[in-house]
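Student: fold the following and give me the result.
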Amino acid sequence: MDRQKVVGVVLLGLIGLYFAFQGREEAPSPSGPASPPREERVEEEGRECLARVRVAALGYQEVRLELEGQAWAIRLSWPGGGLQVETPRVCSGGECKVPIPPGVRPVEVRVDACPPLLLGE
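Tutor: Numbering: from 1, shown residues only. Reported below is the predicted structural model:
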């Protein structure tokens, strides 16, 4: 009976350690260089024009785009404002929907370093 209690306590301790270490993140290795913040990577990656805008439409509260190729960021600007979004957040299957304030006109759309499109003129 003493051996069973010892094995049970050890097993219980191992289970407790397992759950204690589940929420911990691994520390980054000090040997490798730190990766730049996400916003800087978007700026670096977005310096080339690797995408083509097939269709662009301006709605009352959104800009819709159909893209071919690879794009990292979409930049929108309008009188008195603008925004930049990463394509994984607003695009799916080559179709992108970017919400904008209601009734904004005109809107300049720039995909990465590609030439800008002016919508709503």
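
Student: show me where the chain has its strands.
Tutor: Here the chain has its strands, by DSSP state E, at 51-58, 62-69, 73-78, 81-86, 91-92, 95-99, 107-111, 117-119.

Student: tilt between the fourth one and strand 107-111?
Tutor: Strand 81-86 and strand 107-111 are oriented at 20 degrees to each other (axes from the mean of the first three to the mean of the last three Cα atoms, to 10 degrees).

Student: strand 81-86 packs against which elements?
Tutor: If contacts are counted by 3 or more Cβ pairs under 8 Å, 6 or more residues apart in numbering; DSSP states H and E, strand 81-86 sits against helix 38-45, strand 73-78. Backbone N, C-alpha and C define where each C-beta goes, glycine included.

Student: please identify the buried residues of that strand?
Tutor: Of all the residues in strand 81-86, those buried under the rule 16 or more other Cβ atoms under 10 Å are V85, E86.

Student: tell me the average confidence for that strand?
Tutor: What strand 81-86 shows for mean pLDDT is 95.
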